[in-house]
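*Asks:* predicted model, plus sequence, below.
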Amino acid sequence: MNADIIKEPQSQMIALSVLIPVYNEQDVLAILFERLYPVLDTLGRPYEILFVNDGSSDGSAALLAQQFEQRPDVTRVVSLSSNAGQHAALIAGFELAHGEFIITLDADLQNPPEEIPKLVAEMDKGFDYVGSIRASRHDKAWRYIASRLMNSLREKITNIHMTDQGCMLRAYSKDIAREIVVSNESNTFIPALAYLYAARPTEITVAHEERAAGQSKYSLFKLIQLNFDLVTSFSSVPLQLISFTGIFVSILSLLFVCYLAYRRIFYGPEVEGVFTLFGIAIFLMGLLLFSVGMLGEYIGRINGLVRRRKRFRVASVLEAGEGVKSHKDGTKSSSKPG
């Protein structure tokens, strides 16, 4: 992580930062710009919109640059050198955001920008983290079912109570965002980490719309991977289940061996039951492979922390100001007069 490039607010105090990761969203960006800026202009407080271009390979970068030219007073564009994933894009935005409140928003408009004032109102009440619950889902059926199942499993294993973990529209205080950055975890679920650090968290219900254009970047595999990150980062229950299962299977195996010994002594050698033994052996091998795989998930995350490898590299930052700003990781921020 680049925890050493966290910036202090500029001379003009920014009250609100809206952080939007962008990855191949050229089809929807124009609609996003049209709806987002008027909402924030009506709030009556200094704000910035921080777009994090996560290595887009389409025309997203050019559209973001054009929008910066039109509204350099409130627009900043952070470009990562390659596609690092949504987690890394959010961390990069947290590092560079100036606002006292930071609101995260997807670029696909499934969470309407018009809902932002609701989160701001809750933060004004003194909450340091505001989660959101989608009032009505407009996702495909498999995504809705998978999300419900994973929500239930996550809550039982990690004891983190989030009603809707898949909604991107969330608000963080500057202090919470800073704590998330300096935690330096290579794989974690940011909203869960915010719940862990927040003194006064809350949730509100927000609207949900169909994707305005383009395709979802989250496949079923990525959703499963996300929940692996969540579970292994916040709970040791899977390891404990493996231990208890191992003890239980060992006891059953010992009883079964005693039974076979009894049969051998009193009935002599028997051919019957060979396929049962094969079935039990295959079951135990499957259990062993699952256990090794789960241990590998934890060991892989330990390996990631030990390496301390940066998850992303900031290639450039478009922002109002003079000169070219250099980050401590060797990257430079190109800026233009505001």
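*Replies:* Arrived safely, thanks for sending.

*Asks:* packing partners of the top helix by length along the chain?
*Replies:* The single longest helix within the chain, with elements called by DSSP state H, is helix 274-307. Counting contacts by 3 or more C-beta pairs under 8 Å, 6 or more residues apart in numbering; DSSP states H and E, helix 274-307 is packed against helix 220-234, helix 237-267. C-beta here means a position set from N, CA and C on the backbone, and glycine is covered the same way.

*Asks:* select from those the stretch with the lowest mean pLDDT.
*Replies:* Confidence, taken as mean pLDDT, is least for helix 220-234 of the helices and strands packed on helix 274-307 (a mean of 65).

*Asks:* give me the number of residues near residue 204?
*Replies:* When counting by other C-beta atoms under 10 Å, one arrives at 16 neighbours for residue 204.

*Asks:* am I right that it is in a helix?
*Replies:* No. Counting by DSSP: H, G, I helix; E, B strand; the rest coil, residue 204 is not part of a helix but strand.

*Asks:* follow-up on the earlier one: what are the buried residues along the longest helix of the chain?
*Replies:* 291, 294, 301 (16 or more other C-beta atoms under 10 Å).

*Asks:* pLDDT of that helix, averaged?
*Replies:* Helix 274-307 comes out at a mean pLDDT of 72.

*Asks:* now do that helix against helix 237-267, angle only.
*Replies:* With axes from the mean of the first three to the mean of the last three C-alpha atoms, to 10 degrees applied, the angle from helix 274-307 to helix 237-267 works out at 150 degrees.

*Asks:* next SSE downstream of helix 274-307?
*Replies:* strand 314-320 (DSSP states H and E).

*Asks:* other SSEs contacting that next one?
*Replies:* Using 3+ C-beta pairs under 8 Å, 6+ apart, strand 314-320 is in contact with helix 60-70, strand 75-80, helix 86-96, strand 332-336.

*Asks:* lowest-confidence stretch among the ones you listed?
*Replies:* strand 332-336 (a mean of 43).

*Asks:* can you give me the strands in the stretch 51-200 of the chain?
*Replies:* 75-80, 101-104, 129-134, 170-173 (DSSP state E, counting those that start in this stretch).

*Asks:* about what we covered before: same list, the helices and strands packed on strand 314-320, but as JSON lines with mean neighbour count and distance to residue 256 please.
*Replies:* Shown next, in JSON lines, are the helices and strands packed on strand 314-320 (neighbours: other C-beta atoms under 10 Å; distance: least, C-beta to C-beta, whole Å):
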{"stretch": "helix 60-70", "mean neighbour count": "17", "distance to residue 256": "60"}
{"stretch": "strand 75-80", "mean neighbour count": "24", "distance to residue 256": "56"}
{"stretch": "helix 86-96", "mean neighbour count": "24", "distance to residue 256": "46"}
{"stretch": "strand 332-336", "mean neighbour count": "16", "distance to residue 256": "67"}
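
*Asks:* residue 124 is nearest to which of those?
*Replies:* With C-beta to C-beta as the measure, helix 86-96 is the member of those nearest residue 124 (20.6 Å).

*Asks:* could you check the angle that closest one makes with strand 314-320?
*Replies:* 50 degrees.

*Asks:* who are the packing partners of helix 86-96?
*Replies:* Using 3+ C-beta pairs under 8 Å, 6+ apart, the elements in contact with helix 86-96 are strand 16-22, strand 47-53, strand 75-80, strand 101-104, helix 174-182, helix 190-197, strand 314-320.

*Asks:* again, 6 Å this time
*Replies:* strand 16-22, strand 47-53, helix 174-182 (3 or more C-beta pairs under 6 Å, 6 or more residues apart in numbering; DSSP states H and E).

*Asks:* need the next SSE after the first one, C-terminal direction.
*Replies:* It refers to strand 16-22. Following strand 16-22 in sequence, per DSSP H and E, is helix 29-41.

*Asks:* list the contacts of stretch 34-43.
*Replies:* 47, 113, 114, 116 (C-beta atoms under 6 Å, 6 or more residues apart in numbering).

*Asks:* avg pLDDT for it?
*Replies:* 95.

*Asks:* mind listing what's buried in that stretch?
*Replies:* Residues of stretch 34-43 classed as buried: 36, 37, 39, 40 (neighbour count, 16+ other C-beta under 10 Å).

*Asks:* for the third one, which non-adjacent residue is closest in space?
*Replies:* What it means is residue 39. Once flanking residues are discounted, residue 39 sits nearest to residue 113: 4.9 Å by C-beta to C-beta, 6 or more residues apart in numbering.

*Asks:* state the distance from the one you found to residue 93.
*Replies:* 16 Å (C-beta to C-beta, to the nearest Å).

*Asks:* before we move on, what about residue 85?
*Replies:* Taking C-beta to C-beta as the measure, residue 85 falls 13 Å from residue 93.

*Asks:* same question for residue 292.
*Replies:* 37 Å.

*Asks:* again with residue 255
*Replies:* Where residue 93 is concerned, residue 255 sits at a distance of 57 Å (C-beta to C-beta).

*Asks:* residue 192 now?
*Replies:* When residue 192 is compared with residue 93 (using C-beta to C-beta), they lie 18 Å apart.

*Asks:* what of residue 75?
*Replies:* Distance from residue 75 to residue 93, by C-beta to C-beta: 13 Å.

*Asks:* so residue 200 touches residue 130, yeah?
*Replies:* No. The pair residue 200 / residue 130 is not scored as a contact, 9.7 Å apart, by C-beta atoms under 6 Å.
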